[in-house]
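S.K.: I need the structure of the sequence given here:
(chains A and B)
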Amino acid sequence: MPPGFIENLFVFVLAGFLGFEVIRRVSPLLHTPLMSLTNALDAIVVVAGIIICGEAKTPLSILLGAVAVAAAFSNMIGGFLITDRMLRMFKSTSGRKKS
Amino acid sequence: MNAAAAQTLANFVYVFAVIGFILSLKWLNSPATARRGVLIGEISAGLAVITTFEDPRLHQFHWILLALGIGLIIGIPLGLVKMTAVPQRTAMSHAFGALAAAVIGISEFYVDLGQHQLTAFKMTEIALEVIIGSLSLTGSLIAAGKLQEWLPQRPIVYKGQNYFSLSVLGTAVVLALLLIVHPAFSFLFPVMVVISLLFGVMLVMPIGGADMPTVISLLNSYVGLSAALLGFVLNSKVLVVAGALDGSSGFILSVIMCKAMNRSFTNVLFGAFGQLQVSAKGAQEQRTVRSASPEDAASILASASSVLIVPGYGMAVAQAQHKVRELFDILSREGVNVRFAIHPVAGRMPGHMNVLLAEADVPYDKLMEMDDANSDMPQTDVALVIGANDVTNPAAKTDQSSPIYGMPVIEVDQARTVMVIKRSMNPGFAGIDNPLYYLDQTLMLFGDAKAFVSDIVRALTAEGVGKAASAAR
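M.R.: You can find the predicted model right below:
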């Protein structure tokens, strides 16, 4: 078993429970923005793509790393963009009168 | 900066990013703080990306920059789609997320194989990660195709389908086991990938349009899981955390969607909804319905003191939400308490209907969840159903032979008057008859949702609401 595995497992379990508790409190009003936001956060995979691509171990790893970077980065950009667009539309009765 | 210092700095930034991710989700608990959540998410992700460029392992940058450029070019239009297209956009971004995770896993396999570093343990992690990533990739593409209506919305089924699909998945697992035991069989790896891709197609093809909210949530959870597994493969804690958060979010949403339809996961995935609707309604007596004109509807609405509007996806299809908001404005101005009752599966993905109504400028404090709406229903004068059918069907409560028996519904039949805007008496999407339409307090408003609501609005403004109301009183 590689050395970091148990640590990672701890992190996974704790983050999973924490996510469960935090996300359970997200208002059902915002479930669509929730999904696009978690998509954008999940796009942090781009970091792994950058390393794989930049390490340039083999031509294949450069190519696959670049594919991962493009796919994940498009999620990051698109995900944050659409989440913010959606959230901007949510106005309360008082907020709507002001604007 | 020397290598060790750069690594330490990167790790601290990743810790900061993780804090940012959690706060980002936490602030999503209310619309008032939600945009702050997006901002901190952006800052965290941006810092993490920038710091990664300092990583000492990197010695080639042009491909990365090219790929980031491509990502930007794809990402911006995907962030600017119309609100009705958000479900298919979300499915596409699940596909991209799964693609990124899968190809990195594939790359790790070949790099480690070439360096003879592929232990059985790492092979297990990679195989699991790549199988889940690949099936989520094609599954999400099929879901996006169905939502975009490029593929048929109806379930595509054949005899023995479930056994065949499961044996395909089983084959992928057997190949993975062979690879774990005999890394020399590396030629099996691409076969395993292709079979997993195939399984993704077979998993989503048989699922009908009405089940898309569940499927899209479930795929969300798979994509998160594959990112977390990738974190294990690469020993990257930030990926483990982001994947776990995404995975648990998708899982919670799937559970909510399943509960809202009174179905189990297995039933959604293997049940092929909408196929067995041969219910015993052949011997149906001709029941009478009452219909009303837009003018009648206008005067009933104007004289009500509380109105609950129940929108369904039909309202969005008819592009009626802006007209509905006009109706909401006029009635609210006249002192009618107008609110919206939103069923969890009213749209094509979790929360979709709320977004569509917010886009039409309906204030979010007027959007009610199903349970709250149901407890207010007996004190409600008028329930106005627009483009919704099954989610208001009282048979779900009473008729054990109904295919939707047990599904939680918005109990509009408890309101004093029910008005249903509907094109005709044809049964809806799932072909299930709705006894609501034959109730004594129900008025059917036949017509296109947008045109009919426009007519009601016109009647209200033409007559002057005050007059209409006093006349009705």
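
S.K.: going forward, measure contacts and count neighbours with C-alpha atoms only.
M.R.: Noted.

S.K.: hey, where'd the strands end up in chain B?
M.R.: Along chain B, the segments classed as strands by DSSP state E run B:306-311, B:337-342, B:367-369, B:382-386, B:417-422, B:442-446.

S.K.: any bit of the first one sitting next to chain A?
M.R.: So the one you mean is strand B:306-311. No: with CA under 8 Å from any CA of the partner chain as the threshold, strand B:306-311 lies outside contact range of chain A, at a closest distance of 14.3 Å.

S.K.: Show me what that strand packs onto, helices and strands only.
M.R.: Judged by 3 or more CA pairs under 8 Å, 6 or more residues apart in numbering or on different chains; DSSP states H and E, strand B:306-311 is in contact with strand B:337-342, strand B:382-386.

S.K.: thinking again about what came up before, need the strands of chain B in JSON lines (columns: mean neighbour count).
M.R.: Rendered in JSON lines, the data for those read as follows (neighbours: other CA atoms under 10 Å in any protein chain shown):
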{"stretch": "strand B:306-311", "mean neighbour count": "26"}
{"stretch": "strand B:337-342", "mean neighbour count": "24"}
{"stretch": "strand B:367-369", "mean neighbour count": "20"}
{"stretch": "strand B:382-386", "mean neighbour count": "27"}
{"stretch": "strand B:417-422", "mean neighbour count": "24"}
{"stretch": "strand B:442-446", "mean neighbour count": "22"}
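
S.K.: about what we covered before: out of the helices and strands packed on strand B:306-311, nearest to B:Gly243?
M.R.: Proximity to B:Gly243 (CA to CA) singles out strand B:337-342 among the helices and strands packed on strand B:306-311, at 29.7 Å.

S.K.: what comes into contact with that closest one?
M.R.: Residues outside strand B:337-342 that contact it (CA atoms under 8 Å, 6 or more residues apart in numbering or on different chains): B:305-311, B:328, B:331-332, B:353-354, B:366-370, B:373, B:410.

S.K.: Direction included, what does it pair up with?
M.R.: Looking at strand B:337-342 with DSSP bridges, its partner strands are strand B:306-311 (parallel), strand B:367-369 (parallel).

S.K.: any chance of the strands of chain B in a markdown table, plus mean pLDDT?
M.R.: Listed next are those as a markdown table, based on pLDDT from 0 to 100:
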| stretch | mean pLDDT |
| --- | --- |
| strand B:306-311 | 96 |
| strand B:337-342 | 96 |
| strand B:367-369 | 94 |
| strand B:382-386 | 95 |
| strand B:417-422 | 93 |
| strand B:442-446 | 92 |
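
S.K.: Can you tell me the SS state at the residue most central in space within chain A?
M.R.: When chain A is reduced to its mean C-alpha position, the nearest residue by CA atoms, centre = their mean turns out to be A:Leu41, at 1.7 Å. At A:Leu41 the chain is in helix, as set by DSSP: H, G, I helix; E, B strand; the rest coil.

S.K.: Tell me the confidence at it?
M.R.: Looking at A:Leu41, its pLDDT reads 96.

S.K.: cool, and B:Thr266?
M.R.: pLDDT, the model's per-residue confidence, is 77 for B:Thr266.

S.K.: Same question for B:Leu276.
M.R.: 43.

S.K.: Next: B:Ala283.
M.R.: For B:Ala283, the model assigns a pLDDT of 40.

S.K.: And the one 5 residues further on, by the same measure?
M.R.: Note on B:Thr288: pLDDT of 81.

S.K.: What is the burial count for it?
M.R.: In terms of burial, B:Thr288 registers 10 neighbours under the definition other CA atoms under 10 Å in any protein chain shown.

S.K.: which residues does the residue lying closest to it once chain neighbours are set aside contact?
M.R.: The spatially closest residue to B:Thr288, leaving aside those adjacent along the chain, is B:Tyr438, at 6.3 Å (CA to CA, 6 or more residues apart in numbering or on different chains). Shown in contact with B:Tyr438 (CA under 8 Å, 6+ apart): B:287-290.

S.K.: Flag the shaky bits of the stretch 201-350 of chain B, pLDDT-wise.
M.R.: Across the stretch 201-350 of chain B, residues meeting the criterion (pLDDT under 70) sit at B:270-286.

S.K.: can you check chain A too?
M.R.: Residues of chain A meeting the criterion pLDDT under 70: A:97-99.

S.K.: If you count neighbours, what's buried in the longest helix seen in it?
M.R.: Taking DSSP state H as the assignment, the helix of chain A that covers the most residues is helix A:59-89. Within helix A:59-89, the residues that qualify as buried by neighbour count (16 or more other CA atoms under 10 Å in any protein chain shown) are A:61-87, A:89.

S.K.: Pull the distance from it to the chain's centre.
M.R.: A distance of 9 Å separates the C-alpha centroid of helix A:59-89 from that of its chain, computed with CA atoms, centre = their mean, to the nearest Å.

S.K.: Just confirm yes or no for that helix near chain B.
M.R.: Yes: against chain B, helix A:59-89 shows contacts by CA under 8 Å from any CA at A:60-62, A:64-84, A:86-89.

S.K.: What residue, apart from its backbone neighbours, is nearest the spatially most central residue of chain B spatially?
M.R.: Central residue of chain B (CA atoms, centre = their mean): B:Met349, 2.1 Å from the mean position. Once flanking residues are discounted, B:Met349 sits nearest to B:Pro213: 4.1 Å by CA to CA, 6+ apart.

S.K.: and what of B:Ile195?
M.R.: Once flanking residues are discounted, B:Ile195 sits nearest to B:Ala172: 6.0 Å by CA to CA, 6+ apart.

S.K.: residue contacts, the one you found?
M.R.: B:131, B:192-193, B:195-196.

S.K.: same thing but at 7 Å, please
M.R.: For B:Ala172, the contacting residues are B:192, B:195-196, taking CA atoms under 7 Å, 6 or more residues apart in numbering or on different chains as the criterion.

S.K.: do B:Phe265 as well
M.R.: B:Cys258.

S.K.: Would you quantify the distance from B:Ala292 to chain A?
M.R.: Using CA to the nearest CA, to the nearest Å, we find B:Ala292 at a distance of 31 Å from chain A.

S.K.: Give me the pLDDT value at the nearest residue to B:Gln319 once chain neighbours are set aside.
M.R.: What sits nearest to B:Gln319 in space, not counting adjacent residues and going by CA to CA, 6+ apart, is B:Lys450, at 6.6 Å. Predicted confidence (pLDDT) for B:Lys450: 93.

S.K.: Just give me the neighbour total for B:Lys450.
M.R.: In terms of burial, B:Lys450 registers 21 neighbours under the definition other CA under 10 Å.

S.K.: One more: B:Pro435?
M.R.: The local packing of B:Pro435 (other CA under 10 Å) involves 14 other residues.

S.K.: just checking, the residue nearest to B:Met349 touches B:Pro350?
M.R.: Yes: with contact defined as CA atoms under 7 Å, B:Pro213 and B:Pro350 form a contacting pair (5.8 Å).
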